[in-house]
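**Q** can you look at this prediction? I've put the sequence above it.
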Amino acid sequence: MSFESFLEKITTFNTIDHVLVCEASFTGLRATAVNKKGDNLTVAQEVSSTQFELGDAVADVMEQLRQKGWKGQHVVLVTPAVCLTVLDLNIPTNNKLPIAQMADSMQWEMEPAFNQHQRVMLIGQLLQFYGHLKAAELEEVLHKQTELANAKGSAAVYKVFGELAREMFGVKQADLANCLKRQKWFVSESEGIKCGWRALKHQPLQAEGVYKWLVAGMNQGLLREWQAAFAKYGAQLEACYPLVGSGVTPRSEGKRRVEPVVNAEQHMQLELHHGVIAGVALEHGDPRQIQTMSCSQDTLLTHAAELYQLLGADQMQSITLIDSLSSTTEQAEQHKDDLTNILGCTISKDDKPSEKVSVAMRNAALHFLDASQLVNVVSVSAHEPLPPVMQRFAVRAVLAVMALFAVIVLSETGLYLSQFYIQAKSNSIAADVGKIRDSIKRIQDEIKKVDTLKAEIKQKKLEKKQADTIVQLVSKELPQRNDHLLQILKALEETVTEDLVMEKISEDTILGFKLSAWSLSEQSAQEFVKYFQIAIHPLGFQVKDMTITEETGRLGLIGYALNFSITLLNDKEWNLRKQLGNRPISSLPANVANTLR
């Protein structure tokens, strides 16, 4: 076990020991429950479904599994919707780029190969696979579709493939609808690619500045559809694996080598799947080129020979056949013999583990459960991608704990070794302690001085506040009060009549001014108050608590006593202040103060 694998195990606790492996192909959906015990895998339940709707197929499979007693929740999916390709990038294998930046780079570089891969799963290939169209008819419909689209002027028209197939060769609407439903398993109109990647173990010379990466990509919308379909039944889709290429070098062989070897071994892996044939060119066990084609039973040998030539027939030293197409041993042997004859070389075969478990399904289970160290198996995770092991927080935390433990062990050892040295230095330490105590005393004395200075500063602030209050009183409040008094006196001068005698004017610092007068008649008193109110209104003053009572005045004359207040307070403040008197609001009980407010 490598150091990175060890770190990943202890940080994830490696608790998953069962998984449901599903394979979506042109023929339908099949699922196998796989359990792990140690490094051995055992197959439990095996079910399949031929429903055309994605949701119906998942529902059918899950119901069969629940009836057979499967109670797991982890699912991985093998599907041709995942494109596997080899990219030459200028990103070093030991880079420390953020995972989001790596994902963006992979998606950008993956897009051309992914778009080309999508052509394998067009509706025409599905119609041909189910026998609704022949190969020649498929080519004729494609040719007609191109002619209509490229016609000049008003004759130019675009028709979808299914419409032309119905018109030209009588494809039934029901068959076309079923193929369209099955196509939605592999193709989605939503944009965006989600990728998984792994650096190949054998890299070109570093002087070339490029590095080989094995990248898998899948449409994000399609991934979410599969995820939602399984989630309805309490199952969690963990990752999607490519149907093509998942069988490449299933088990690791020795330590990784960085530099290539001259005259490297060339090998080809030929894969047969329902509706798809693929060739993978291998060098030192690493994929160097991946080619995928759609095919039928009639064109199988032709496409195999074409792939053999595309991948460099003259350089291939051996061929391994992965046959997921054959349903019987006899048919598998016939495919092997036919390919041996047409390619002219010996072919070895990697047999399926069982009738319902393909090589791709086996390797997907091995990769997910980590029963053995797999290389060159890449998946598209349904979750957010994780950074490399050494860049994960949990791994760094474990390494930090291990380093701390090592430091503790070394410290304890050093403690025992320094025991005698500490004893010899005890007297020196005692002297240092005395010096420290003296320093502490000096510090405490300095603290006291600081506290004294703080008290002085506080007193100065209080004195400054009092000085500011006096300045405020002298510079603003007293001039303002004098101005008000002059204005009131001026208003009195303008409004007092000959029938009225001013007796007293007093001032309240809170309420304002109180005025007492005597008038010969009540009418004269009323008119005085009215005109006086008009005179002082522009100044912001109001007349409050006016009383007119009959009373003997000067020279024993019968007249009327006039008393009222002049204030700048509004009605609410006036009533509140009258109730409080000279007391502040804060001096009252809380309930009374709240009521007054």
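**A** That came through, no problem.
**Q** contacts, neighbours, all on C-alpha from now
**A** Will do.
**Q** ok, which stretches of the stretch 251-400 of the chain are helices?
**A** Applying DSSP state H, counting those that start in this stretch to the stretch 251-400 of the chain gives helices spanning 300-310, 329-343, 359-369, 393-417.
**Q** pick the most buried one from the ones you listed.
**A** Of all the helices of the stretch 251-400 of the chain, helix 359-369 carries the top mean neighbour count, a mean of 24, counting by mean count of other C-alpha atoms under 10 Å.
**Q** where does the stretch 351-500 of the chain dip in pLDDT?
**A** Within the stretch 351-500 of the chain, the ranges that satisfy pLDDT under 70 run 352-356, 371-375, 385-395.
**Q** for this structure, what's the longest helix?
**A** Counting residues, the longest helix found in the chain (DSSP state H) is helix 426-472.
**Q** now whichever helix or strand comes after that one, how far from the centre of its chain.
**A** Once the chain leaves helix 426-472, the next helix or strand it forms, by DSSP states H and E, is helix 478-495. Here helix 478-495 shows a centroid-to-chain-centroid distance of 73 Å under the convention C-alpha atoms, centre = their mean, to the nearest Å.
**Q** measure I322 to L339 for me?
**A** Distance, I322 to L339, using C-alpha to C-alpha, to the nearest Å: 12 Å.
**Q** can you check D483 too?
**A** Taking C-alpha to C-alpha, one finds D483 at 117 Å from L339.
**Q** then P287?
**A** Here the criterion is C-alpha to C-alpha. By it, P287 lies 21 Å from L339.
**Q** that older thread, which secondary structure elements does the longest helix of the chain sit against?
**A** Packing contacts for helix 426-472, counted by 3 or more C-alpha pairs under 8 Å, 6 or more residues apart in numbering; DSSP states H and E, involve no helix or strand.
**Q** rerun that using 10 Å as the cut-off
**A** If you count contacts as 3 or more C-alpha pairs under 10 Å, 6 or more residues apart in numbering; DSSP states H and E, helix 426-472 packs onto helix 419-424.
**Q** which parts of the stretch 251-400 of the chain are strands?
**A** 266-273, 276-283, 286-294, 318-323, 347-349, 380-381 (DSSP state E, counting those that start in this stretch).
**Q** so E137 touches F169, yeah?
**A** Yes: with contact defined as C-alpha atoms under 10 Å, E137 counts as touching F169 (7.8 Å).
**Q** make TSV from the helices of the stretch 251-400 of the chain and add distance to I16 to it.
**A** Shown next, in TSV, are those (distance: least, C-alpha to C-alpha, whole Å):
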stretch	distance to I16
helix 300-310	39
helix 329-343	34
helix 359-369	7
helix 393-417	18
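**Q** quick one: closest of the ones you listed to V187.
**A** V187 sits nearest to helix 359-369 of all the helices of the stretch 251-400 of the chain, at 20.1 Å, using C-alpha to C-alpha.
**Q** mind listing residues that contact the helix or strand that contains E147?
**A** Taking DSSP H and E as the definition, one finds E147 inside helix 135-150. Applying C-alpha atoms under 10 Å, 6 or more residues apart in numbering, the external contacts of helix 135-150 come out as 124-125, 127-129, 132-134, 155-169, 295-296, 298-299.
**Q** just checking, next helix/strand downstream of that helix?
**A** helix 161-169.
**Q** which SSE is immediately downstream of that following helix?
**A** Under the assignment DSSP H and E, the closest C-terminal helix or strand after helix 161-169 is helix 173-183.
**Q** on contacts alone, who are the packing partners of that next one?
**A** strand 18-25, helix 54-67, helix 123-129, helix 161-169.
**Q** what packs against the longest one?
**A** With contacts defined as 3+ C-alpha pairs under 10 Å, 6+ apart, the secondary structure elements packing on helix 54-67 are strand 18-25, strand 28-37, strand 40-49, helix 173-183, helix 220-231.
**Q** so for the first one, mean pLDDT?
**A** Averaging the model's pLDDT scores along strand 18-25 yields 91.
**Q** repeat that for the third one.
**A** Confidence over strand 40-49 (mean pLDDT, whole number) is 84.
**Q** put the alpha carbons of that strand into CSV.
**A** C-alpha atoms of strand 40-49 as CSV (Å, rounded to 0.1, in the frame of the first residue of the first chain):
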residue,chain,number,x,y,z
ASN,A,40,-12.2,-10.0,-2.0
LEU,A,41,-15.5,-9.0,-3.7
THR,A,42,-18.6,-11.1,-3.8
VAL,A,43,-21.6,-10.7,-6.0
ALA,A,44,-25.0,-10.7,-4.2
GLN,A,45,-28.1,-9.8,-6.1
GLU,A,46,-28.2,-9.3,-9.9
VAL,A,47,-31.2,-7.7,-11.6
SER,A,48,-32.0,-6.0,-14.9
SER,A,49,-34.6,-3.8,-16.6
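**Q** now do the buried residues in it.
**A** By neighbour count with 16 or more other C-alpha atoms under 10 Å, strand 40-49 contains the buried residues 41, 43, 45-49.
**Q** how about the longest one?
**A** In terms of neighbour count (16+ other C-alpha under 10 Å), helix 220-231 has its buried residues at 220-223, 225-230.
**Q** what angle separates the next helix or strand after it from helix 359-369?
**A** For helix 220-231, the succeeding helix or strand toward the C-terminus, using DSSP H and E, is strand 236-242. If you take axes from the mean of the first three to the mean of the last three C-alpha atoms, to 10 degrees, strand 236-242 sits at 130 degrees to helix 359-369.
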